[in-house]
Structures are given as C-alpha cells and as structure tokens.
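> One predicted model, sequence on top.
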2 protein chains.
Amino acid sequence: MKKINLKKAFDRIEDYWSPHIAANVNGQDIRLAKLKGEFEWHRHDNVEEAFLVMKGGFTMRFRDRDAPLQEGDLIVVPAGVEHMPVAEEECWVVLIENAGTRNTGEHRSDRTKDDLPALSGD
Amino acid sequence: MKKINLKKAFDRIEDYWSPHIAANVNGQDIRLAKLKGEFEWHRHDNVEEAFLVMKGGFTMRFRDRDAPLQEGDLIVVPAGVEHMPVAEEECWVVLIENAGTRNTGEHRSDRTKDDLPALSGD
C-alpha cells in the first residue's frame, strides 16, 4: 500500500502542465500538476474534472466567466464544459478524474501528455 | 458550478468522525472529516478509500501494522482491508470514495452516519 507525501511529490515535479499520477482510487486518478502561464481551451465530453489548489492560485476561465481559485479551493468542472486554466504565478493543483483522461481533452495538441508518469511513494 | 474552500469548510464542521460531502466527481464523493480519538475497525468490501491529510496527522491502523500519516500524506486503503483511524490530536482529512459508501463499512454501529450532510459552496 503506497503512502505518498504530496508536498514532497510536488517538489519532484519539474515541468509545468505535466500531470503526474500520485494514486488511483476506484478508477479515478489522483494527479498532481504544477501550473504556470496559460494552458489552452479544451473540454472532456464524458469526464468531470476536480481541481484542488494545494499552493498558490490560478484562474479557471470558462467561456462565460472566470473563476479565481486560491489555496484550499475545490472546483469540479462538469463534463463537456470548455475551460482553460491560467496561472500568473506557479500553482500546485491536485486533479481527480477518470484514469486515462487526456489532459487536453477531446483534441490533441503539442501540449497533450500521453503515458503520464506515476510518482513513487515515500 | 460550486466552488468550495476546504479550509473554510473544515472550520464549519463541528463534530469529529462526521464526514461531510464537499463535492462529487465521476461518482466519487470528496468528503471532509475531522478526526480525534479512535474510530473503530471496519472494512469496505468493494470500495477503495483515499485519505489525504490536510492538517495535523493520524495513524491508520491495519491488522498487521500501523501507518503514521502527517500533513500532505495520501494513502489509499484497498477494498476489503480492515483499518481503524486513530488521531491523538485533531486532524483534518479529505476522503475520496464511492458515493453512498458507509463510514463504518460493512457493519452498522452507533458510529454509522447515514445521510451525510453536504457542504455549501462559498
């Protein structure tokens, strides 16, 4: 049974916008990602995506509004809803979504990450 | 779309061992619970249960060992494995598990919580 300290795990992540798998629970990945700068518009047609801010803050842009998020904030993006994370400063987030969900959603781009790396436990 | 700050939400929880639902993502509850003292031995036969320590620490007892957990630690208890959380001091945890999972697992006791309360957003 793996125990993993998320703070230490975030420290080991070097790249922005590169989700790493910390664990899986009932078919859901618990992923860690460092954000900085703008991502890109995308949607996940059949998957909800939870974001929990562990450090810093970012803005989740939607087509009709912006949702500013700070440390401790949790938001669940509904399936099919276009969104784009934007982080002015480095931000650490935990994501919860179906295993296998593509980070860029229904399209592929040069920011698509296949075969997400799995973080080792302590 | 609900945004909820987990720190503020924990502050609103008054009872120990009383999971509150912060959100649901793809059929999984994201629950918040304050722990203090001993819970009881139980297992979930068909559900994995993730624990993320947000504040403080606790020990997850298993039949063959103890797993000490501190702030930032994440552990996933496999389905069918007996466990008992014990917290010497108040501890805040986020749990991820199937919606509808009984907090006392396969048995009922005076610590069973039915109809878990849902936390409102900010």
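Yes, it's here.
> Now residue A:103. Nearest residue, chain neighbours left out?
Using C-beta to C-beta, 6 or more residues apart in numbering or on different chains and skipping the chain neighbours, the partner closest in space to residue A:103 is residue A:113 (5.1 Å). (Each C-beta comes from the backbone N, C-alpha and C, glycine too.)
> so what's that neighbour up against?
A:17, A:18, A:19, A:103 (C-beta atoms under 8 Å, 6 or more residues apart in numbering or on different chains).
> Dump those residues to CSV, plus neighbour count, secondary structure and pLDDT.
Listed next are those as CSV, based on neighbours: other C-beta atoms under 10 Å in any protein chain shown; DSSP: H, G, I helix; E, B strand; the rest coil; pLDDT from 0 to 100:
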residue, neighbour count, secondary structure, pLDDT
A:17, 18, coil, 98
A:18, 16, coil, 98
A:19, 20, coil, 98
A:103, 22, coil, 97
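> mind listing what's buried in the one helix or strand residue A:59 maps to?
If you go by DSSP states H and E, residue A:59 is part of strand A:57-62. For strand A:57-62, the neighbour count (16 or more other C-beta atoms under 10 Å in any protein chain shown) marks A:57, A:58, A:60, A:61 as buried.
> out of these, who's nearest chain B?
In terms of C-beta to the nearest C-beta, no member of the buried residues of strand A:57-62 lies closer to chain B than residue A:60, at 8.9 Å.
> contacting residues for that closest one?
Applying C-beta under 8 Å, 6+ apart, the residues contacting residue A:60 are A:51, A:66, A:67, A:69, A:75, A:77, A:83, A:84, A:85, A:86.
> if you set the cut-off to 6 Å instead, what comes out?
Going by C-beta atoms under 6 Å, 6 or more residues apart in numbering or on different chains, residue A:60 touches A:67, A:83, A:85.
> what sits opposite it in the beta ladder?
Note on residue A:60: beta-bridge partners by DSSP bridges are residue A:67, residue A:85.
> any idea of the pLDDT on it?
With respect to pLDDT, residue A:60 scores 98.
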